[in-house]
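1. Have a look; sequence and predicted model below, questions after that.
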Amino acid sequence: MVNGHERILPRTRRRVMHAIELLGYQPNVHARRLVTQSVETIGFVLSNRDFLNPFHAGVLTGVEHAAAAMRHEILYASCVYAPETPAAELELPPVLRSRGLVGGVILAGTNYPNLVRAVRERGIPFIVFGNNLVRQRQSLPDCCVYYDDASSSRELVERLIAMGHRRIAFAGDQRQPWFARRRAAYLQAMARHHLATMEYTAALDSPHSYVAYGEAALGKLLERHPAPTALFAGNDNIAVGAWRLCHRRGIKIPGDLSLAGFDDLEMAVLIDPPLTTVRVPVDEVGRACVEMMVEKIRRPGEPQANRSIPTHLVERASWGPPPPEGA
């Protein structure tokens, strides 16, 4: 009757619905799956991030499109929590508090091991967006979709070196795992060519201050003697901050300073000159999350390899050869 069958007497329907209200009944999608052999609802939880964030909104769009194509619904929720809170004490959204509300859940945004532990202890099938999982020296769980930000970061630095740059700087808060991986790739490329590094890796004030961070980073780096001829910004917002400082000081891009970012957000083509950056296929990340989630629910207990999505270097007009020495 709960499923809407018509051959139920109105009197019986009213009694059952009254009982449902009294008991607070919630349909169990796992039991229903045994009958229908399908997964109708998947949870999408965005942790410690804003749904309006362009990057995470792109992942969400990929999730939506993939779910629609596979005839599944998405139930959205947000979750803000501290990494030091014990798993048993986390204040979870309803989609994570009830095992029967969704068939499985995608944990997106920025997450910590305590939430992963809490979801696992509740027996809810889950997939994690691995790039923003702050692992605290722990390895990735066997349920991650992530994009490869190391390979394209190395390629970016190698391209700058091939152009003739020797004083290449990096800017990004090394406490954040995504910046730490990009910095590690930068360090590897510089070491391979026996080049000295120039870094600004101070702590970020807040997730919304990347542009200000970029201005401060380049300001500090330009105090070096000799100054860098190229900057690899940890993301596009940091690059925009560096671009703003260059605009104010009359520093020509790329004549005086070559500039590159990461993410390929819309702003990358709105600044002048357009920004060289690394493109993250966020829609593919979202689609892979849904595909892996459905597979995990349909084949419980079967091991699944983590999925890595490749990224791509996008060359635009913000970089070029270094200025002549003494110019």
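-> It's in. Numbers count the residues shown, from 1 in each chain.

2. now residue 180, what's its secondary structure?
-> helix (DSSP: H, G, I helix; E, B strand; the rest coil).

3. count of neighbours near it?
-> 16 (other CB atoms under 10 Å). All C-beta atoms are positioned from the backbone trio N, CA, C, and that covers glycine.

4. That one reaches residue 174, doesn't it?
-> Yes - contact criterion CB atoms under 8 Å: residue 180 and residue 174 qualify, at 5.3 Å.

5. Quick one: the strands in the protein, in order.
-> Using DSSP state E, the strands assigned to the chain run over residues 41-47, 73-79, 105-109, 126-129, 144-147, 168-171, 198-200, 230-233, 258-260, 277-279, 307-309, 312-314.

6. okay if I get those as CSV plus mean pLDDT?
-> Output for the strands of the chain, formatted as CSV (pLDDT from 0 to 100):
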stretch, mean pLDDT
strand 41-47, 94
strand 73-79, 93
strand 105-109, 95
strand 126-129, 94
strand 144-147, 94
strand 168-171, 98
strand 198-200, 97
strand 230-233, 98
strand 258-260, 98
strand 277-279, 98
strand 307-309, 94
strand 312-314, 98
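
7. Return the most buried member of those.
-> Greatest average neighbour count among the strands of the chain goes to strand 230-233 (a mean of 30), per mean count of other CB atoms under 10 Å.

8. For stretch 293-302, measure first residue to last.
-> From its first residue to its last, stretch 293-302 covers 12 Å (CA to CA, to the nearest Å).

9. from the middle of its chain, how far away would it be?
-> Relative to its chain's centre, stretch 293-302 lies at 23 Å (CA atoms, centre = their mean, to the nearest Å).

10. Got the domain ranges for the chain?
-> What automatic domain parsing lists as the domains of the chain is 27-147+283-309, 149-279.

11. Lowest average pLDDT across those domains?
-> With a mean of 86, domain 27-147+283-309 has the lowest mean pLDDT of the domains of the chain.

12. Quick one, which of the domains of the chain gets closest to residue 322.
-> Closest to residue 322 of the domains of the chain, according to CB to CB: domain 149-279, at 3.9 Å.

13. Ends of the closest one, what's the gap?
-> Domain 149-279: ends 9 Å apart by CA to CA.

14. how about the helices of the stretch 201-327 of the chain, start to end?
-> Taking DSSP state H, counting those that start in this stretch as the test, the helices found in the stretch 201-327 of the chain are 210-221, 236-249, 282-298.

15. Oops, could you answer that again for the stretch 51-200 of the chain instead?
-> Under DSSP H, counting those that start in this stretch, the stretch 51-200 of the chain gives helices at 54-69, 94-97, 113-121, 149-163, 177-192.

16. Could you export those as a markdown table, including distance to residue 107?
-> Formatted as a markdown table, those follow (distance: least, CB to CB, whole Å):
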| stretch | distance to residue 107 |
| --- | --- |
| helix 54-69 | 12 |
| helix 94-97 | 9 |
| helix 113-121 | 7 |
| helix 149-163 | 19 |
| helix 177-192 | 15 |
